[in-house]
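K.L.:
starting from these lines, generate the structure:
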Amino acid sequence: MEQRVSFEKFMEQPVFNRDNAEKTGVELEGYVYENGVIVPRGPEIVEAINDPELASCELPACQIEIKTLPCKVKNLKWYLYGGRAILQDAAERLGLSYSFDAIAPADIPLEISPDKRHQDIAKKLSHEKLLAGSRVASTQFHFGMRDKEEALKVYNFLIQHCYYLISLGDISKGRRLNLYGRVYPDFMPRAYHDWYELYRDACDRNFANDIRNWWDMIRITRFGTIELRMFDSTPDIERILHWNRVCFHFVKEALNS
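P.N.:
The predicted model follows:
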């Protein structure tokens, strides 16, 4: 068992950047195909793009994540289309394609991405949980926070709207979250009075050493952002933009409260 980090070390994990305040970013997960069949070649596409700020591997090697750089909400559309074009070019050069489906079929290949983090996660999961976790893909929104006080304030405000946001982002009629819940049943966020209370919960739920292992639908990230993780993956950019505007409305409301 890993020794828990101190509260001081825990507090060093999220790094806030005031330049990103009120900026947004999107992470969009999708599956890799070759001749109409899902294949574990995601790392090849990530390597072809060769920019960790734009693309990264996910747990299953058949899934990748494309990302936008932090931007103003009004500019997000162009970043999304730009990322889509970069992904398409890399995939086509490899003879591959991709699909932003929220649910993958049950017979997907369970080869794990080669990086150490994903290999370590996979070792801790049963076959059933690994399959369930590999079959889900989501759209994730980030909103930059100025500092830890602002982040906790906005976080506690947003979790009051979690059920509404879940229903808004549910294209698969609950199927994605049902699968996700098989892996992490306790995914609903809870309120924290202060950062020490959050730290104590992180110790109890084993994400104090690595805040990336905080698997709730809303969380504060190591990048100093609030992340909303309840939306299904979709190829529909206009839908993604609508979701983002709704989330940003709640963020602004929290900041002004």
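
K.L.:
can you tell me the element Y155 falls in?
P.N.:
helix 148-158 (DSSP states H and E).

K.L.:
contact partners of that helix?
P.N.:
11, 14, 16, 143, 145, 165, 189, 191-192, 194-195, 198, 218-220, 224, 226, 228, 250-251, 253-255, 257 (C-beta atoms under 8 Å, 6 or more residues apart in numbering). Placement of C-beta: from N, CA and C, glycine included.

K.L.:
which residue of this protein sits farthest from its center?
P.N.:
Relative to the centre of the chain, the most outlying C-alpha is that of N35, 27.7 Å out, by C-alpha atoms, centre = their mean.

K.L.:
can you name the next helix or strand after the helix holding Y155?
P.N.:
Reading on from helix 148-158 to the C-terminus, the next helix or strand found by DSSP H and E is helix 162-168.

K.L.:
would you mark the buried spots in that next one?
P.N.:
When burial is assessed from 16 or more other C-beta atoms under 10 Å, helix 162-168 yields the following buried residues: C162, L165, I166, L168.

K.L.:
ok, now stretch 103-123?
P.N.:
Quick answer for stretch 103-123 (16+ other C-beta under 10 Å): I103, A104, I108, L110, E111, I112, S113, H118, I121, A122.

K.L.:
next up, the contacts around the residue nearest to the second one when sequence neighbours are not counted.
P.N.:
Translated: A104. Spatially, and ignoring its direct neighbours in sequence, A104 is nearest to R135 (4.5 Å; C-beta to C-beta, 6 or more residues apart in numbering). R135 is in contact with I103, A104, P105, A106, I108, L179, counting by C-beta under 8 Å, 6+ apart.

K.L.:
contacts only, for L168.
P.N.:
Going by C-beta under 8 Å, 6+ apart, L168 touches F231, W243, V246.

K.L.:
tell me what the longest helix anywhere in the chain is packed against?
P.N.:
Once the chain is assigned using DSSP state H, the helix that runs over the most residues is helix 237-256. Applying 3 or more C-beta pairs under 8 Å, 6 or more residues apart in numbering; DSSP states H and E, we find helix 237-256 packed against strand 24-34, helix 76-93, strand 138-144, helix 148-158, helix 162-168, strand 225-232.

K.L.:
got the CA positions of it in CSV?
P.N.:
Output of helix 237-256 as CSV, limited to C-alpha atoms (Å, rounded to 0.1, in the frame of the first residue of the first chain):
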residue,chain,number,x,y,z
ILE,A,237,-19.7,19.6,-32.6
GLU,A,238,-22.8,21.8,-32.4
ARG,A,239,-24.1,19.7,-29.5
ILE,A,240,-20.7,19.9,-27.8
LEU,A,241,-20.7,23.7,-28.1
HIS,A,242,-24.2,23.8,-26.6
TRP,A,243,-23.1,21.6,-23.7
ASN,A,244,-20.1,23.9,-23.1
ARG,A,245,-22.2,27.0,-23.1
VAL,A,246,-24.6,25.5,-20.5
CYS,A,247,-21.6,24.5,-18.3
PHE,A,248,-20.0,28.0,-18.7
HIS,A,249,-23.3,29.6,-17.7
PHE,A,250,-23.2,27.7,-14.4
VAL,A,251,-19.5,28.5,-13.9
LYS,A,252,-20.3,32.2,-14.4
GLU,A,253,-23.2,32.0,-12.0
ALA,A,254,-20.9,30.4,-9.4
LEU,A,255,-18.3,33.1,-9.8
ASN,A,256,-20.9,35.8,-9.3
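
K.L.:
chain center to it, what's the gap?
P.N.:
16 Å (C-alpha atoms, centre = their mean, to the nearest Å).

K.L.:
which stretches of the chain have low pLDDT?
P.N.:
For the chain, the stretches with pLDDT under 70 are 1-3.

K.L.:
report the contact partners of the closest residue to D170 other than its chain neighbours.
P.N.:
Nearest non-adjacent residue to D170, counting by C-beta to C-beta, 6+ apart: D232, 6.4 Å away. Contact partners of D232, counting by C-beta under 8 Å, 6+ apart, are A102, A137, S138, T139, G169, D170, I171, S172, R176.
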